[in-house]
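In: Pasted the sequence and its predicted model underneath.
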Amino acid sequence: MWCDTTPRHLAGPGDPRHITQALRAAGWKNFDDPDFPHVVLVSPDYQHSFVLEPTPSTYGPWWRIASTPWGGWHASFGGNTPVEIIAGFTDALVRTPPETEPDIWSTLRTADWTYEQDERGNEQARHPDGITTLERRANLTSDHFAWTAEVALPTGLGGHKRLWHAHFDDRTPHHLLAGFAAALVDPAPVSRGRYDVPHSHLVTQVERGAQGEQLAAAHEARLKASRAAARKTRRSAAPTAQPPNGPTTEAATHAPRSR
């Protein structure tokens, strides 16, 4: 029995095919190693790589996305990160970038998140639940900034236990971060099995959610939208020569394997 589950940021990981099949529909190529349990996809222009590599710890970076390795950007997501929220990032990656840079923080403030900025330029927004944050913060030993999103549950002993964590290099295009932020605050429920969530006491599950054929039809519509977005992006992009075996492909195929 599938249930409408809210809030989505506490609903657990979901089905990885929500992301992988959408990227394949957008023309991303599969460079998987049949002898190793991971997924490696590369964009049609060989400028981006995507690796899904499950590890024993669901809190580790299962999902890794990067642009070209020379001066590019990278992002990662823990295993418990809801796929619908990661999809906000990956869907933006296959669409044509907007003409103006989006304001990420206004998206969160509109959803009633609090926002703070300190004297060093560090920025943080916090969900009303008090356990979910998005921040852009400088390293303690340098002025290099990075973005992190996190859900951390209090342990009752003054500490916190991380439910999921996402990291973004500061060079990550803002329209991708904006896609992630929009998906993060989206109030729409996501489909999960009854109690198929990491912490059932944190979510509400209603059994009248979409079932069977409805879910399959919604997924097929998503794949069609991904194909259409990719076609639109290719038409709007300037023609470029595609190398037979780009550097990103090699980097992704030989990505370090977590143990």
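Out: Sure thing, it's come through. Residues are numbered from 1 along each chain as shown.
In: And residue 89, its phi and psi?
Out: Dihedral pair for residue 89: phi -80, psi -50, per degrees, to the nearest 10.
In: Kindly report the same for the one 5 residues further on.
Out: The phi and psi torsions at residue 94 (degrees, to the nearest 10) take the values phi -100, psi 0.
In: Please enumerate the helices of the stretch 151-259 of the chain.
Out: With helices called from DSSP state H, counting those that start in this stretch, the stretch 151-259 of the chain shows them at 174-185, 212-236, 247-253.
In: Specify the beta-bridge partners of residue 134.
Out: Under DSSP bridges, the beta-bridge partners of residue 134 are residue 125, residue 149.
In: Where does pLDDT dip in the stretch 1-150 of the chain?
Out: Counting by pLDDT under 70, the ranges of the stretch 1-150 of the chain that qualify are 142.
In: Strands along that one, start to end?
Out: All strands of the stretch 1-150 of the chain, identified by DSSP state E, counting those that start in this stretch, fall at 2-6, 29-30, 39-42, 48-52, 61-67, 74-78, 114-117, 123-126, 132-138, 145-154.
In: Please identify which of those is closest to residue 205.
Out: Distance to residue 205, taken as Cβ to Cβ, is lowest for strand 2-6 among the strands of the stretch 1-150 of the chain, at 3.8 Å. Backbone N, C-alpha and C define where each C-beta goes, glycine included.
In: Kindly state the beta-bridge partners for the nearest residue to residue 8 once chain neighbours are set aside.
Out: What sits nearest to residue 8 in space, not counting adjacent residues and going by Cβ to Cβ, 6 or more residues apart in numbering, is residue 190, at 4.7 Å. According to DSSP bridges, the partner residues bridging residue 190 are residue 5.
In: what pairs with the closest residue to residue 29 other than its chain neighbours across the strands?
Out: Among residues not flanking residue 29 along the chain, residue 42 sits closest, at 5.1 Å (Cβ to Cβ, 6+ apart). With DSSP bridges as the criterion, residue 42 is bridged to residue 29, residue 49.
In: Am I right that residue 42 is in contact with residue 27?
Out: No - the criterion here is Cβ atoms under 8 Å, and residue 42 misses it with residue 27 at 10.1 Å.
In: of these two, who's got more company?
Out: Using other Cβ atoms under 10 Å, the more surrounded residue of residue 42 and residue 27 is residue 42, with 23 against 17.
In: Can you pull the phi/psi pair for the most far-flung residue of the chain relative to its centre?
Out: Most distant residue from the mean C-alpha position of the chain: residue 157, 30.6 Å away (Cα atoms, centre = their mean). Main-chain torsions, residue 157, degrees, to the nearest 10: phi -120, psi 20.
In: Can you give me every residue that contacts the residue nearest the centre of the chain?
Out: With distances taken as Cα atoms, centre = their mean, the chain has residue 86 as the residue nearest its mean C-alpha position (2.1 Å). By Cβ atoms under 8 Å, 6 or more residues apart in numbering, the residues touching residue 86 are 19, 63, 77, 166, 180, 183.
In: mind running it again at 10 Å?
Out: With contact set as Cβ atoms under 10 Å, 6 or more residues apart in numbering, residue 86 has these partners: 13-14, 16, 18-19, 52, 62-63, 65, 75, 77, 166, 179-180, 183.
In: which one of the residues you listed is nearest residue 2?
Out: Of all the contacts of residue 86, residue 2 sits closest to residue 14, with 11.1 Å by Cβ to Cβ.
In: hmm, back to that, hang on, isn't the residue nearest to residue 8 packed against residue 196?
Out: No - taking Cβ atoms under 10 Å as the definition, residue 190 is not a contact partner of residue 196, at 11.2 Å.
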